[in-house]
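Q: sequence and predicted structure are below.
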Amino acid sequence: MRSSKNDKNSGNVDGKGSKAGGSSFLDLEESDADSSHRYSDDIPILQRSDDAIPDPSKASGTTFDELVDRLLSQPMSKADMNFTEIFLCLYRKFAAPGILLSAILTRLEKTADDKSQHFLTRTSAQLRIVAVLTKWISTYPGDFASPHTSQQFNTFLEQISMEPAFSYAAHEMKKTLRSYVAEDDDTRWERTDPDVESDVDEIDESLGTTSLRSAANASKSTSHSSLTEERADLRHSEAVSVSSGEVSMFSGRPSGLHTVADYEIEAATMVPYRKRPLTKIIYHSCMDISDDDFADEITRIDWVMFSSVRVRDLIRDVSLSSNKKARCRSLVNVTRAISHFNHVACWVTNMILMRDKAKHRAQILEKFMRIAWKLRQLNNYNGLAAVMAGIQNTAVARLAQTQALISDDCRKQFMRLEILMGPRKSHFAYRLAWQNSPLPRIPYVPLSRRDLASAEEGSKTFIGSRINWAKFSLLGDVILPILATRGSSYDIPSRSIVRELILDSAIAVDDEELYARSLLLEQVGVLESKKRFFKW
């Protein structure tokens with residue numbers, strides 16, 4: 001055990017997912033940072049030589065046209081199916097909503113005009129395009145808040161609503177357009193419609209594709225006469241729309257008890273008050289509550305915090321400048337989630353350091369070790385990391401007398417968690433466990449934010465005049481598992497007593513104060529004496 005004051009750390013994470021102080025579990029700047037070279041002996045020689053050869057296709061980037069074509073094409077692999085999620089989430093980094101909408105509608109019109117294809121083939125392609133539009137507006141309604149884009153989309157919906165094959169999709173999109181489209185952070189994020197309307201030439205040059213000028217000009221026209229010409233034929237294809245399975249995103253907004261807005265409102269009520277001083281009463285109340293109740297309530301709060309954060313908020317958090325962040329209202333949800341993570345870690349440390357006697361500290365320390373195990377069983381990796389950060393804080397780790405009283409079974413169990421969440425090989429154990437954990441689950445958010453920041457800062461959006469899609473693929477590897485978690489939720493009732501203990505306790509947050517308290521409890525070479533109870 002280290003007793004030096006210079007070695008202490010608080011386990012807190014800052015705005016980029018790093019922590020203050022020395023190295024510990026939450027040190028996201030991994031100690032063996034150059035692990036790719038350290039473990040290069042594990043890579044076969046043939047693979048090393050292949051990886052050393054640059055791929056010309058990747059180096060040249062991708063055009064906007066190619067990405068839109070892939071978005072609307074028939075998916076042939078899992079990567080193609082994931083492409084839609086990644087593209088719709090991240091396309092604002094290189095194109096405005098009006099540009100994308102015009103490009104999609106232009107392709108829809110060309111598909112209807114293509115008489116060389118069989119009627120069923122044309123209808124199937126049209127249904128795929130409509131499915132993409134439905135998914136887009138239901139997932140990111142803020143993209144359609146621009147008056148011009150909204151008017152263009154409304155006109156399109158009025159025309160296809162008369163077609164039996166598209167009538168249900170048009171109805172759902174109209175409902176979303178009326179009820180959920182409003183100006184928000186998505187509306188003014190990165191590439192915006194007003195920017196495109198004011199300077200089309202600049203965007204043409206930056207994206208390096210001749211179709212963007214025509215797409216921007218086409219956005220001023222809402223004529224889709226070719227669809228009207230096929231109206232009679234499409235009436236016979238209603239059965240095809242049911243059996244083809246192409247239109248798979250007609251669900252609209254979330255149908256569960258909570259929407260993202262509901263989670264935001266609930267998360268705002270979970271700000272710590274820190275008004276109840278830590279006393280023996282608090283200690284005994286904590287010991288009397290079961291480990292399951294603590295784990296459940298920590299998970300419930302973490303799920304509310306996590307669900308209040310939109311995926312695009314995470315992207316904005318790592319890509320925008322400080323001035324632009326200040327104008328994003330929804331980033332308060334990211335800040336609140338970070339603050340809660342740090343609060344839980346600090347609360348655990350305070351609770352362990354509260355009692356004077358080593359046997360009492362060992363009892364509550366062992367309790368938190370068991371709670372950490374329960375959090376692992378609930379697949380709450382964020383809460384698990386926060387509790388472990390409090391336990392592994394230097395002010396607690398240096399308490400040799402307290403640590404000696406922990407049972408062997410509990411210690412071995414906790415060592416398994418340390419291996420799981422440890423930074424070795426870029427958190428390989430955690431990443432493997434996360435990928436194989438069933439829903440519902442909560443990711444280790446600080447690590448996800450670090451991965452997003454690395455992908456954002458590690459490469460440019462454009463390679464020359466073409467889009468660097470390899471960068472967006474890296475971002476997609478992080479956001480896809482997060483998007484998948486939104487399909488389920490924890491059904492855990494609220495436990496107000498536990499919530500008050502966590503959020504209302506008056507805890508010390510200063511590293512110096514925590515370490516001073518630790519030295520007062522167990523000084524090096526001095527046996528613990530009967531000290532008066534230390535009231536925080």
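A: Yep, that arrived. All values derive from a computational prediction rather than experimental measurement.
Q: can you classify the closest residue in space to Gly487 that isn't next to it in sequence by secondary structure?
A: Computed as CB to CB, 6 or more residues apart in numbering, the closest residue to Gly487 that is not its neighbour in sequence is Leu439, at 6.5 Å. Heads up, the C-betas are built off the backbone N, CA and C, glycines and all. In three-state terms, and counting by DSSP: H, G, I helix; E, B strand; the rest coil, Leu439 is coil.
Q: buried sites along the longest helix along the chain?
A: Secondary structure of the chain per DSSP state H: the longest helix is helix 331-353. Buried residues in helix 331-353, counted by 16 or more other CB atoms under 10 Å: 331, 333-334, 336-338, 340-353.
Q: who touches the following helix or strand past it?
A: Going down the chain from helix 331-353, the next helix or strand is helix 358-377, by DSSP states H and E. Defining contact as CB atoms under 8 Å, 6 or more residues apart in numbering, one finds that helix 358-377 is touched by 283, 286-287, 291-292, 294-295, 298-299, 348, 351-355, 381, 383-384, 387-388, 390-391, 396, 399, 401-403, 405-407, 410-411, 413-414, 417, 420, 521-522, 528.
Q: stretch 73-83 too?
A: Arg70, Leu71, Thr84, Ala125, Arg128, Gly476, Leu480.
Q: any buried residues in that stretch, and which?
A: For stretch 73-83, by 16+ other CB under 10 Å, it's Asn82, Phe83.
Q: and that stretch, how far out from the chain's middle?
A: 22 Å (CA atoms, centre = their mean, to the nearest Å).
Q: stretch 108-123 too?
A: With CA atoms, centre = their mean, you get 39 Å for stretch 108-123.
Q: endpoint to endpoint, it covers what distance?
A: End-to-end distance of stretch 108-123 (CA to CA, to the nearest Å): 10 Å.
Q: now that stretch: average pLDDT?
A: For stretch 108-123, mean pLDDT rounds to 88.
Q: can you list the buried residues in that stretch?
A: Buried, per 16+ other CB under 10 Å, within stretch 108-123: Leu108, Glu109, Thr111, Ala112, Arg122, Thr123.
Q: cool, and stretch 317-332?
A: For stretch 317-332, by 16+ other CB under 10 Å, it's Asp317, Val318, Ser319, Leu320, Cys328, Ser330, Leu331.
Q: contacting residues around it?
A: 15-16, 93, 184-185, 188-189, 264, 310, 313, 316, 334, 449, 452-453, 456-457.
Q: mean confidence for it?
A: 92.
Q: before we move on, what about stretch 190-204?
A: Mean pLDDT, stretch 190-204: 64.
Q: about what we covered before: of the contacts of stretch 317-332, buried ones?
A: By 16+ other CB under 10 Å, these give 93, 184-185, 188-189, 264, 310, 313, 316, 334, 449, 452-453, 456 as buried.
Q: after whichever strand or helix holds Ile137, which helix or strand is next?
A: Using DSSP H and E, Ile137 falls within helix 119-139. Next in sequence after helix 119-139, counting helices and strands by DSSP H and E, comes helix 147-160.
Q: residues near Leu432, how many?
A: The local packing of Leu432 (other CB atoms under 10 Å) involves 11 other residues.
Q: buried sites along stretch 280-297?
A: Buried, per 16+ other CB under 10 Å, within stretch 280-297: Ile282, Tyr283, Cys286, Ile289, Asp291, Phe294, Ala295, Asp296, Glu297.
Q: out of the residues you listed, which are inside strands?
A: Among those, no member is found in strands (DSSP state E).
Q: tabulate the residues you listed (TSV), appending pLDDT and distance to Arg486.
A: Listed next are the buried residues of stretch 280-297 as TSV, based on pLDDT from 0 to 100; distance: CB to CB, whole Å:
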residue	pLDDT	distance to Arg486
Ile282	95	36
Tyr283	97	38
Cys286	97	33
Ile289	97	30
Asp291	98	28
Phe294	98	26
Ala295	98	22
Asp296	98	21
Glu297	98	22
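Q: quick check, nearest of these to Thr134?
A: Asp296 (36.6 Å; CB to CB).
Q: any idea how far that closest one is from Arg336?
A: 21 Å (CB to CB, to the nearest Å).
Q: ditto for Asp184
A: For Asp184 relative to Arg336 (CB to CB), the value is 17 Å.
Q: thought Ile467 was touching Asp65?
A: No: Ile467 is beyond contact range of Asp65, at 10.4 Å (criterion: CB atoms under 8 Å).
Q: neighbour count winner among those two?
A: Regarding Ile467 and Asp65, a neighbour count based on other CB under 10 Å identifies Ile467 as having more, with 24 against 17.
Q: what bridges to the more buried one?
A: Note on Ile467: beta-bridge partners by DSSP bridges are Thr62, Phe462.
Q: domains of this protein?
A: 73-243, 260-521 (automatic domain parsing).
Q: okay, Lys374: pLDDT?
A: pLDDT, Lys374: 98.
Q: and it, how far from Leu501?
A: 16 Å.
Q: just Glu85 next, same as before
A: Note on Glu85: its distance to Leu501, by CB to CB, is 39 Å.
Q: follow-up on the earlier one: in a markdown table, list the buried residues of stretch 108-123 along with distance to Pro194.
A: Listed next are the buried residues of stretch 108-123 as a markdown table, based on distance: CB to CB, whole Å:
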| residue | distance to Pro194 |
| --- | --- |
| Leu108 | 25 |
| Glu109 | 25 |
| Thr111 | 30 |
| Ala112 | 30 |
| Arg122 | 35 |
| Thr123 | 36 |
